[in-house]
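Asks: sequence first, predicted model second:
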Amino acid sequence: MRADRLIRKARKIRALVGASDDLQEPIWRKPKGMHRKTFDRLSQKDQIISAEIDSFIARLLNHHEIATPKL
């Protein structure tokens, strides 16, 4: 499933920068010894992937609401 891959990718990036596995928490600090450019690139990728995950979940919920008959 697409969401699983996106979540794994985000967690891998977060592990590289030493951030929490919680995708809702922002990446706060650059690890010591990591170049600023590398940190900025990884942080930006994390933000893009998090937005993709949110979008995927929203589409999934919207599809579920449409497919579920109203009582």
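Replies: Nice, thanks for sending it over.

Asks: just how off-centre is the least confident helix or strand in the chain by mean pLDDT within its chain?
Replies: Least confident helix or strand of the chain, by mean pLDDT, DSSP states H and E, is helix 36-67 with a mean of 89. The chain centre lies 5 Å from the centre of helix 36-67; the measure is CA atoms, centre = their mean, to the nearest Å.

Asks: so which bits of that helix are buried?
Replies: 39, 42, 43, 46, 49, 50, 53 (16 or more other CB atoms under 10 Å). Yep, even glycine has a C-beta here, placed from its N, CA and C like the rest.

Asks: helices or strands up against it?
Replies: helix 2-17 (3 or more CB pairs under 8 Å, 6 or more residues apart in numbering; DSSP states H and E).

Asks: sort out which residues of the helix it packs on are buried, please.
Replies: Under 16+ other CB under 10 Å, the buried positions of helix 2-17 are 6, 7, 10, 11, 13, 14, 17.

Asks: so how far is residue 50 from the closest residue to residue 2 other than its chain neighbours?
Replies: Computed as CB to CB, 6 or more residues apart in numbering, the closest residue to residue 2 that is not its neighbour in sequence is residue 56, at 6.2 Å. Distance from residue 56 to residue 50, counting by CB to CB, to the nearest Å: 11 Å.

Asks: how about the contacts made by the residue nearest to residue 2?
Replies: For residue 56, the contact set (CB atoms under 8 Å, 6 or more residues apart in numbering) comprises 2, 3, 6.
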